[in-house]
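Undergrad: Build me a model:
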Amino acid sequence: MGQGESEGRRIDLQIVSNDTGERFSFTDFYRREKPRLMRFFTRKLGNRADADEFSQETLTRFVRAAPHPSLGSPRAYLTRIATNLLRDHAERGSTRLSRQLTLLEDGVNAISSLDPHRDVQSRQELARWTAILQQLPPRTLEIFLLNRVEGCSYRQIASDLGEPLWVVQKHMLKAIRLIDRQREADND
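TA: The predicted model follows:
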């Protein structure tokens with residue numbers, strides 16, 4: 001037989017509240033606090049099955065963690081355990097959820113890159129822009145690409161090409177007007 005056990009008898013943990021001096025058994029404490037824990041966890045988790053499981057776990061941790069039968073406030077101690085248990089659950093759950101969302105996003109990107117409709121649409125758009133840009137004189141095209149693709153400023157392009165700033169601006173204006181005309185034509 002284990003320490004403190006006798007045949008046919010269960011020993012009930014005695015708890016003494018330092019706040020009130022009240023002495024009560026764990027069984028009484030359990031009966032009084034279990035409904036409160038159930039309400040708390042049902043409100044937080046949304047279902048009674050999980051609430052019951054969390055309530056039982058909270059009470060089990062209370063018995064294991066209680067440093068001695070005399071506690072300052074057994075109810076507050078139990079509430080702290082319940083709150084910590086819920087926080088731990090939320091942290092584990094959010095990590096699991098974020099991993100699932102990352103996998104989902106990866107899957108969406110993988111599907112979209114293999115989408116034949118999207119591939120055809122991208123090729124058509126590229127061909128349309130290539131045809132538009134080929135209408136530009138070579139020097140205008142070069143200046144346009146330096147600005148819009150390479151990200152060079154007008155001043156930098158003028159300096160690199162040895163052109164006055166107003167010439168670069170004139171070429172850019174020509175390219176932008178052509179693109180605007182093409183967009184208007186596409187919208188009509």
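Undergrad: Tell me which residues of whichever helix or strand Ser122 is part of come out buried.
TA: Element membership for Ser122 (DSSP states H and E) is helix 116-134. Within helix 116-134, the residues that qualify as buried are 132-133, counting by 16 or more other Cβ atoms under 10 Å. All C-beta atoms are positioned from the backbone trio N, CA, C, and that covers glycine.
Undergrad: If you average pLDDT per helix and strand, which one of this protein comes out bottom?
TA: One helix or strand of the chain scores below all others by mean pLDDT, DSSP states H and E: strand 70-71, with a mean of 60.
Undergrad: related to what we said a few turns ago, between the next helix or strand along the chain from the helix holding Ser122 and helix 116-134, how many degrees?
TA: Later in the chain than helix 116-134, the nearest helix or strand by DSSP H and E is helix 138-148. With axes from the mean of the first three to the mean of the last three Cα atoms, to 10 degrees applied, the angle from helix 138-148 to helix 116-134 works out at 130 degrees.
Undergrad: can you list the residues that contact helix 138-148?
TA: Contacting residues not belonging to helix 138-148 are listed as 133-134, 136, 152-154, 157, 160-161, 168, 171-172, 174-175 [Cβ atoms under 8 Å, 6 or more residues apart in numbering].
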